[in-house]
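# Sequence and computational prediction follow.
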Amino acid sequence: SSPVISAPFSVGSRSILRSIDKDRAERTDYAVELNATDFDAVLKETPATYAVVEFFAHWCPACRNYKPHYEKVAKLFNGADAVHPGIILMTRVDCALKINTNLCDKFSVGHYPMLLWGPPSKFVSGSWDPKQDKSAIRSIDDFRTADRLLNWINKQINSSYSLDDRKYENEHLQTNASDPAQIARAIYDVEEATSTAFDIILEHKMIKSETRASLVKFFQLLVVHHPSRRCRKGTTEILVDFDDVSANKDTTNAVEKGALKNYQICGKDVPRGYWMFCRGSTNETRGLSCGLWVLLHSLSVRVDDGESHMAFTTICDFIHNFFICEECRQHFYDMCSSVSNPFKKAREFVLWLWNAHNKVNERLMKEEASLGTADPKFPKIIWPPRQLCSSCYLSKSRKDKGQIDWDHDEVYKFMMRYYGETLTTLYKDKVLLAGERPEGVLVEDLVASTHAVVVPVGAALAIAVASCAFGALACYWRQRQKSRKPRRSWK
Ligand SMILES: Cc1cc2nc3c(=O)[nH]c(=O)nc-3n(C[C@H](O)[C@H](O)[C@H](O)COP(=O)(O)OP(=O)(O)OC[C@H]3O[C@@H](n4cnc5c(N)ncnc54)[C@H](O)[C@@H]3O)c2cc1C
């Protein structure tokens, strides 16, 4: 029988998906444009050691002329193909936008463009005053050309970056495709994809009585296995209250009333429009759909044998009901439906998803080539390439026959490493746990340092009651909770 429930609606297309990505991320530029709503969040979360903020006004001709210089430097440090990633975050704030007036005032912006430099954390809820002697934030006084700006930076941090620096590029491969360490940065994309997907579900009013169960199941999967701690935490909060906000009432009504809008699935500080691993070289490519794939793979490598088939149906149902790209849902649905025997081992599920993704890659490879819609920097490839995992290829692979002989044991090992160990929460627990929490709920207790979840008795019960009606995964999950020792009692 089919593992998925039937689609109750028909929305979306690839173009919608792309326009959403486009709306959400201005990705033609390397410097990240921030505004008063995301300034603190982005600077707080960036893994970079230093930040440059350019305050400008979009009407200012000098700023327009300066932009190519600033971008030249930003290109070295920002984006998926940065030559020196993770060191300096280059940003800009348009002070001509009303929303940014206070922000620009706080940093004493008196002329355009004006550039400030400092550790990202110092900009968070920060200010700058030219009269202030001792400030971790400094004004950059020599930045008129790309060369001069880079020189100024080099002097600050004793570096010798050059505008001519080039990353070693394999002839056929993208730099990020051949560097296994890059996936560690994808934790941000997985968070952004989770948050964006949830927003889309709400914006498009996709939670209906027919789809509700599949969302709850997916949330349960996220609570236990999402690679980001703060997404596990946020999802738990939603799940604990999900019945209150949506069950026993008309779900659509509850959603329309905005009850779920108050919940932020990965917390309030998740950066937006900031795809790191999934940043395309044009506005129309990558972003959300790349982030979703990475999320799905990172879930697949975290489930146990006993959960594998339920995780599979949960993901199939979720994509089918909630992925806004119609064509994608349909193709994925077909692949899900062709699985006839339940998975017994997590390995089978991991490899199924890997193979399904490669089937999509193979199809899109041809389609994008004929339509000219490929991201020139990230053409589709059959994955993983040899450069990433040479042992995944059996030595006698018959490349000439257009066929790859995979060593599936090696592929499995590689997937576990790549999406498991390497892709994991980077930030400090303390910072996360300082966040607000709903009254009486010690949500941090729900999230242990491993990917297992430790739930205080009350919360376990609340979630179980809210979810057990929806199927085996919930009950299985509930049992897992019961068998774990609560760290602190529920208050
Ligand atoms: C479930 C789903 C179905 C989709 N179906 C369609 C469709 O039918 N038509 C369509 O036009 N678009 C579809 N998309 C979007 C499309 O697959 C890509 O996500 C999008 O084109 C962006 O491509 P990308 O270059 O960022 O790489 P993606 O394909 O998004 O991959 C993201 C990253 O995952 C890694 N990766 C690549 N292949 C594999 C693999 N086999 N196993 C594990 N990791 C891998 C790579 O590091 C890659 O950069 C779908 C997306 C999803 C999530």
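Now that the structure is in, tell me what you want to look at.

# Torsion angles phi and psi at Val216?
phi -60, psi -40 (degrees, to the nearest 10).

# ugh, typo on my part, it should be Phe218
Main-chain dihedrals, Phe218, degrees, to the nearest 10: phi -70, psi -40.

# so what's it up against?
Contact analysis of Phe218 by Cβ atoms under 8 Å, 6 or more residues apart in numbering lists 314-315, 317-318, 322. In short, each C-beta sits where N, CA and C put it, glycine included.

# ok, how many other residues are close to the closest residue to Leu149 other than its chain neighbours?
Of all residues not flanking Leu149 in the chain, Phe143 sits nearest, at 4.1 Å (Cβ to Cβ, 6 or more residues apart in numbering). Neighbourhood size, Phe143 [other Cβ atoms under 10 Å]: 24.

# residues contacting Phe143?
Contacts of Phe143 by Cβ under 8 Å, 6+ apart are 69-70, 115, 149, 152.

# So which of those is the closest to the ligand?
Tyr70 (26.4 Å; Cβ to the nearest ligand atom).

# outside of the host helix or strand of that closest one, which residues touch it?
Take DSSP states H and E as the rule and Tyr70 turns out to sit in helix 61-77. Contacting residues not belonging to helix 61-77 are listed as 29-31, 48, 54, 56-57, 82-85, 87-90, 92, 112-113, 143-146, 149-150, 153, 161, 163, 165 [Cβ under 8 Å, 6+ apart].

# so which strand or helix has Glu33?
Per DSSP H and E: Glu33 is located in strand 32-34.

# buried ones in that strand?
With burial defined by 16 or more other Cβ atoms under 10 Å, the residues of strand 32-34 counted as buried are 32-34.

# Partner strands of that strand, with direction?
strand 88-94 (parallel) (DSSP bridges).

# just for the stretch 301-450 of the chain, where's the confidence low?
396-402, 424-450 (pLDDT under 70).

# Please enumerate the helices of it.
Listed in chain order, the helices of the stretch 301-450 of the chain (DSSP state H, counting those that start in this stretch) span 308-322, 326-337, 346-371, 408-416, 429-433.

# C-alpha coordinates for the helix holding Tyr70, PDB please?
The C-alpha atoms that make up helix 61-77 are tabulated as PDB, following Å, rounded to 0.1, in the frame of the first residue of the first chain:
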ATOM      1  CA  PRO A  61      25.400  57.900  -5.800                       C
ATOM      2  CA  ALA A  62      28.700  57.600  -3.900                       C
ATOM      3  CA  CYS A  63      27.400  54.500  -2.300                       C
ATOM      4  CA  ARG A  64      26.400  53.000  -5.600                       C
ATOM      5  CA  ASN A  65      29.800  53.700  -7.000                       C
ATOM      6  CA  TYR A  66      31.400  52.200  -3.900                       C
ATOM      7  CA  LYS A  67      29.400  49.000  -4.000                       C
ATOM      8  CA  PRO A  68      31.500  47.200  -6.600                       C
ATOM      9  CA  HIS A  69      34.600  47.800  -4.400                       C
ATOM     10  CA  TYR A  70      32.900  46.600  -1.300                       C
ATOM     11  CA  GLU A  71      31.500  43.500  -3.100                       C
ATOM     12  CA  LYS A  72      35.000  42.600  -4.400                       C
ATOM     13  CA  VAL A  73      36.100  42.300  -0.800                       C
ATOM     14  CA  ALA A  74      32.900  40.700   0.400                       C
ATOM     15  CA  LYS A  75      33.300  38.000  -2.300                       C
ATOM     16  CA  LEU A  76      36.500  36.800  -0.600                       C
ATOM     17  CA  PHE A  77      34.800  36.200   2.700                       C
END
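
# what angle do it and strand 88-94 make?
Using axes from the mean of the first three to the mean of the last three Cα atoms, to 10 degrees, the inter-axis angle of helix 61-77 relative to strand 88-94 is 160 degrees.
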